[in-house]
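Asker: Below are the sequence and a predicted model for it; my questions follow.
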Amino acid sequence: MKIEVLGCYGNVTRRCRTTAYLINNKVLFDAGTVTEVLSPEGLERITHVCLSHIHLDHIKGLCALAEERFMSTGQSVTVTADKPVIAALSEQVFNNSLWPDFTSIPDPKRAVVCLKAMGPGYTAVAGLRVKAISVNHRIHTTGFMVKEKSKAIMMTSDTGWTEHFWLAARRERNLEFIIAHVAFPSRLHNPAFMSGHMTPTMLLERIDTFGLHQVPFFIAHMKSIFEPEIRKEIKKAGRQNLRFLKQGSVLYA
Ligand SMILES: [Zn+2]
Ligand SMILES: [Zn+2]
């Protein structure tokens with residue numbers, strides 16, 4: 001499995017781009033950054049977009065991708081997510097108000113965006129097996145378990161305290177790594193808690209509670225203004241299994 005980090009911050013600045021992980025050149029997990037970094041050929045190769053939730057920092061690139069597709073090849077892209085995420089996307093994004101309804105452009109049969117709800121178990125997505133796991137954010141959000149052959153990776157997406165995700169991580173024998181979203185430093189516990197995000201302290205507590213010390217973690221989705229503080233905290237914790245996800249990097253699992 002090849003994982004390309006198109007963006008991995010919790011906000012946009014001149015140097016920071018928002019969450020999007022491209023797997024095997026074809027399947028995009030969240031779409032915070034797409035058309036800014038991929039070539040026209042790279043954009044064409046995307047067949048599926050798996051969405052964790054509809055916050056703008058995770059979908060704005062999908063809006064741009066849909067428009068690009070319409071203007072270029074017209075080839076459809078399948079957007080798949082947990083049922084409530086698909087419903088929200090249809091009602092609140094592709095509604096001809098916030099953005100054109102690309103699920104019926106140019107016409108419903110040849111639409112450039114095809115919405116597909118995931119079932120409760122694993123869904124086959126372009127050679128991967130993907131499972132959405134509900135987490136705890138301000139709106140309906142899921143993390144993901146992604147498998148290819150015997151390898152598995154997980155992504156928390158945006159979440160505060162949550163349990164099912166970590167239980168699934170503990171049960172998975174072939175887990176290569178987890179991408180964990182940590183947005184705020186620990187001194188901002190209350191804003192993090194209120195907005196359904198993690199701090200370093202919360203992540204460390206989850207790792208301890210669920211015995212995940214052997215699992216490699218990549219920390220992502222930092223609010224860039226807090227990056228130096230979060231890095232300092234994680235360094236101080238001295239955990240061997242924690243690293244930071246690097247924008248533009250490529251991981252293999
Ligand atoms: Zn976010
Ligand atoms: Zn969010």
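Answerer: Nice, I can see it. Ligands and ions are numbered 1, 2, ... in the order given.
Asker: Which residues are in contact with Arg69?
Answerer: Contacts for Arg69 were tallied using CB atoms under 8 Å, 6 or more residues apart in numbering; they are Leu43, Gln75, Ser76, Val77, Phe102, Val112, Val113. All C-beta spots, glycine's among them, are computed from the backbone N, C-alpha and C.
Asker: hey, what's the fourth one bridged with?
Answerer: Residues in a beta bridge with Val77, per DSSP bridges, are Val113.
Asker: Can you report how many residues lie near it?
Answerer: Neighbour count of Val77, defined by other CB atoms under 10 Å: 22.
Asker: swap in the last one?
Answerer: Summarising burial for Val113: neighbours were counted as other CB under 10 Å, giving 25.
Asker: what's the answer for the first one, then?
Answerer: Around Leu43 sit 18 other residues, with neighbours defined as other CB under 10 Å.
Asker: close enough to count as contact, it and Leu65?
Answerer: Yes - applying CB atoms under 8 Å, one finds Leu43 in contact with Leu65, separated by 6.6 Å.
Asker: Mutual contacts of these two, please.
Answerer: Val34, Thr35.
Asker: ok, now which ones touch the residue most central in space within the chain?
Answerer: Most central in the chain under CA atoms, centre = their mean is Asp30, positioned 4.2 Å from the mean C-alpha point. By CB under 8 Å, 6+ apart, Asp30 lies in contact with Thr19, Ala20, Tyr21, Cys50, Leu51, Ser52, His58, Ile59, Ser157.
Asker: any idea how far Thr209 is from it?
Answerer: Separation of Asp30 from Thr209 (CB to CB, to the nearest Å) stands at 26 Å.
Asker: Then Glu229?
Answerer: 24 Å.
Asker: for His197, same thing?
Answerer: Relative to Thr209, His197 is positioned 18 Å away (CB to CB).
Asker: Same drill for these two, tell me which one is more crowded.
Answerer: Between His197 and Thr209, His197 has the larger neighbour count (other CB under 10 Å), namely 23 against 11.
Asker: What is the burial count for Leu56?
Answerer: Residues lying near Leu56 (other CB under 10 Å) number 12.
Asker: so where is the stretch 101-250 of the chain shaky, pLDDT-wise?
Answerer: Within the stretch 101-250 of the chain, no stretch has pLDDT under 70.
Asker: Without its sequence neighbours, what residue ends up closest to the residue in it positioned nearest to ligand 2?
Answerer: Here the residue of the stretch 101-250 of the chain nearest ligand 2 is Asp158; by CB to the ion that distance is 3.6 Å. If the residues on either side of it in the chain are set aside, Asp158 comes closest to His137, at 4.7 Å by CB to CB, 6 or more residues apart in numbering.
Asker: No more questions from me, cheers.
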